[in-house]
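J.: here are the coordinates; sequence isn't available:
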């Protein structure tokens, strides 16, 4: 297994305390956010907390438009990769999520599992962002930072998003600290319907029965 699978959910009804009074883009709950989709991203603008709708898949300012825009960057190597290095030092961000999906390989095929924090109704995933433009458009894009999965979920997948503690989020975006220890994660199997990027609805995160229930 390699990078984190590329799906997550955000209902938009819970926000971290430090962003409660910040103006937010209009959004509908999305239970199947996929690469190239737009979603709210929290970042700093002149040291003020700002929320901007951004496209998932990093496109640096110097890059050409491509179908290979990365949705993940490994925290262990982000500072050594030219594509990510400057953004990691200058443009850190946080992607709010209700939870994310990973797929486990089983004898019956790949089974999707939904992951959430067992202590919070929102997950703050660490990311980096860029602004790209040409003569016709300006585009804000981001990628999610990943790390080795913790022992409570590594039986599902060997990678997970880097999760930022809400109390440390602003310091992390200011580049004053690195990521802290991740929280304990709850995980449950969900319908394979989420495999389709066109699938929508809250039923996608609903626990399904398995042979072991």
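T.: Nice, thanks for sending it over. Computed from a predicted model, the values in this text were never measured in an experiment.

J.: any stretches of this protein with poor pLDDT?
T.: 1-5, 67, 210-213 (pLDDT under 70).

J.: quick one, helices of it?
T.: All helices of the chain, identified by DSSP state H, fall at 85-90, 169-173.

J.: looking at the ones you listed, which is nearest to residue 204?
T.: helix 169-173 (26.9 Å; Cβ to Cβ). (C-beta placed from N, C-alpha, C; glycine too.)

J.: which outside residues touch that closest one?
T.: 16, 18, 42-44, 49, 92-94, 124, 126, 164, 177-179 (Cβ atoms under 8 Å, 6 or more residues apart in numbering).

J.: cool, stretch 189-208 as well?
T.: By Cβ under 8 Å, 6+ apart, stretch 189-208 touches 7, 9, 11, 29-32, 34, 98-99, 101, 111-114, 188, 210.

J.: how about a cut-off of 10 Å?
T.: 6-7, 9, 11, 28-37, 98-99, 101, 103-104, 106, 109-114, 116, 156, 187-188, 209-210, 212-213 (Cβ atoms under 10 Å, 6 or more residues apart in numbering).

J.: wait, residue 140 sits on residue 128?
T.: No: in this structure, residue 140 is not within contact of residue 128 by Cβ atoms under 10 Å, at 11.7 Å.

J.: if I look at residue 112, how far off is residue 102?
T.: 7 Å (Cβ to Cβ, to the nearest Å).

J.: next one: residue 114
T.: Counting by Cβ to Cβ - residue 114 and residue 102 are separated by 9 Å.

J.: any shared contact partners between the two?
T.: Joint contacts of residue 114 and residue 102 (Cβ under 10 Å, 6+ apart) are 7, 187.

J.: just the strands in the chain please.
T.: 8-10, 30-33, 38-45, 48-56, 72-74, 92-97, 99-106, 109-117, 123-133, 138-148, 159-161, 185-189 (DSSP state E).

J.: so what strands line up beside the first one?
T.: According to DSSP bridges, strand 8-10 has the following sheet partners: strand 30-33 (antiparallel), strand 99-106 (antiparallel).

J.: again, but for the fourth one
T.: Each strand that strand 48-56 pairs with, and the sense of that pairing, follows from DSSP bridges: strand 38-45 (antiparallel), strand 138-148 (parallel).

J.: how about that strand: buried residues?
T.: Judged by neighbour count using 16 or more other Cβ atoms under 10 Å, the buried positions of strand 48-56 are 49, 51, 52, 54, 55, 56.

J.: so for stretch 54-62, first residue to last residue, what's the gap.
T.: 18 Å (Cα to Cα, to the nearest Å).

J.: stretch 156-171 too?
T.: Using Cα to Cα, the two ends of stretch 156-171 sit 31 Å apart.

J.: what of stretch 102-115?
T.: 8 Å.

J.: also stretch 173-191?
T.: 35 Å.

J.: quick one: buried residues of that stretch?
T.: Buried, per 16+ other Cβ under 10 Å, within stretch 173-191: 173, 182, 183, 185, 187, 189, 190, 191.

J.: and the fourth one, what does it touch?
T.: When you say that, I think you mean residue 185. Contacts of residue 185 (Cβ under 10 Å, 6+ apart): 99-100, 115-119, 123, 149-150, 152-153, 156, 160, 163.
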